[in-house]
Every structure is written in structure tokens, then in C-alpha cells.
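Asks: build the 3D model from these lines:
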Amino acid sequence: MKKIFLFVTAVMALSFVAPEKGISKKERKDAAKFLKETEMGVYASVKNLSEAQLKFKPAEDKWSVEECLKHIAASETMLWQAANGAIEQAANPEKRAEIKMTDEDVKTKVPDRTHKVKTAPPLEPQNTAFATAEEALASFKENRTKLIAYVTNTEADLRNHVAAFPFGSLDAYQVILFIGAHSRRHTMQIEEVKMDPNFPKE
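Replies: Residues are numbered from 1 along each chain as shown. Got it, this is the predicted structure:
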């Protein structure tokens, strides 16, 4: 009888545990960790670079480190606007069938620079609002801090808000992962610039 009582008590206790709202604790933790890791990657790639190093271009049609930073910062804003726009619309879980990428796909395939992608004109470095690498980095830091705080605390049902992009559909949670993956992609581009044999020594 005592065992039955304990079992019933345990079941009742579990029934009163509030369900998680929106994304799970694991999803929050994973996204925040990925965003922080990719943020640190950007900082590390440009640490202590001189003006000459920031502005060096491997070729006329290649971006400099500074231009990569401008693109990263502008994209950070644009991609969050896309995610937030989807979140503010009515949930559309029926669109989930259109999603072809897993979370892991987003984190690993987006940074893959063997697949070249031409950016939209508003995100080309010369068309951004940033005059210097310092301005771009400050904007990036501010927006990434806000994004990490958002994904850590939001109660929005990110999985059931799906947005369509030219490359395919993603849910709002995946768009947040995409932001981190995108900055990693261009951090790798920065490292490619730094490896050029003509990259200034100082």
C-alpha cells in the first residue's frame, strides 16, 4: 500500500510540472553556446590587426578583412529582422514540411566555403552603413549580445514560425543558428585573407 501511495504521489507531482514554453532548455543552451563560439571566432580573427592589415585585399574582386566585418555586421541585422518578422507573424506549423535542413546542416553547411554565394547588393560592404571596421565590430557585438539574451529567455514558439529564403525554408530557431553559422563562414574568409602571401606583416 505504501509503495502504491508513493507512486501515485510521484505521478501527481510530475503532472504539476509546468511544460517548457517555446524551445527546450537544451535548444536554448545549444543556440547560445553556438552564437557565443562564433562571436568569439570573429573577435579572435581580427584581434590586433593594423589598419593596413584590415584594408588589405588579396585581389581586386576579393574582400578585405574590414569588408568582411562590414558584411558580417550588416547581415547580423538583416537576418535577425527576417527571424523576428517570422516570429511576429501567425504560427505556420504546416510549413514545417518545407524545411529540408536539420539544425546540424545549418551549423555545418552554411560555413562551407567550397560553395560560393553572391550576396545581395544591400549587404555588399560598400553599401553598408559602416565607415570603419571598428564601427562594424561594435554593431556586431551589440546585436550578438542581444541575440544571445533573446534565445536564452524567449518563450516564443520558434519552431512553428517558418520563413522562406531563396535557398529554402527555415524555422525561426534555425534562422538564429544561421546567423551564427554565417559569421563563422566569413570568419573563415578573414582567415583566408590573412593567409595570403602578400598579407602585410604589420
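Asks: give me phi/psi at the spatially most central residue of the chain?
Replies: Geometric centre of the chain, nearest residue: I179, 1.9 Å, by Cα atoms, centre = their mean. According to degrees, to the nearest 10, the main-chain angles of I179 amount to phi -60, psi -50.
Asks: need the next SSE after the helix or strand of the chain with the lowest mean pLDDT, C-terminal direction.
Replies: Using mean pLDDT, DSSP states H and E, the weakest-scoring helix or strand in the chain turns out to be helix 2-15, at a mean of 43. Going down the chain from helix 2-15, the next helix or strand is helix 25-46, by DSSP states H and E.
Asks: contacting residues around that next one?
Replies: Helix 25-46 has contacts (Cβ atoms under 8 Å, 6 or more residues apart in numbering) with 23, 54, 65, 69, 72, 103, 107, 133, 137, 140-141, 144, 147-148, 151-152, 173, 176-177, 179-181, 183-184, 187, 190-191, 194. To be clear about C-beta, it is placed using only N, CA and C from the backbone, and glycine gets the same treatment.
Asks: where does the chain have low pLDDT?
Replies: Along the chain, segments meeting pLDDT under 70 span 1-21.
Asks: all strands for it, in order.
Replies: According to DSSP state E, the chain carries its strands in the segments 162-165, 168-171.
Asks: could you check how many residues crowd around P197?
Replies: By other Cβ atoms under 10 Å, 5 other residues sit near P197.
Asks: now it. Its backbone dihedrals?
Replies: In terms of degrees, to the nearest 10, the main-chain angles of P197 are phi -60, psi -20.
Asks: again with K47
Replies: Dihedral angles for K47 - degrees, to the nearest 10 - are phi -60, psi 130.
Asks: and R144, what does it touch?
Replies: If you count contacts by Cβ under 8 Å, 6+ apart, R144 has them with L35, E39, E76, S183.
Asks: picking up where we left off before, could the strands of the chain be laid out in CSV, adding distance to K118?
Replies: Shown next, in CSV, are the strands of the chain (distance: least, Cβ to Cβ, whole Å):
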stretch, distance to K118
strand 162-165, 14
strand 168-171, 17
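Asks: in CSV: those strands, plus distance to D61 and mean neighbour count.
Replies: CSV is the format used below for the strands of the chain (distance: least, Cβ to Cβ, whole Å; neighbours: other Cβ atoms under 10 Å):
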stretch, distance to D61, mean neighbour count
strand 162-165, 25, 17
strand 168-171, 28, 20
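Asks: quick one on the thing from earlier: these two touch, right, the residue nearest to the centre of the chain and L147?
Replies: Yes: if you go by Cβ atoms under 8 Å, I179 and L147 touch, sitting 6.6 Å apart.
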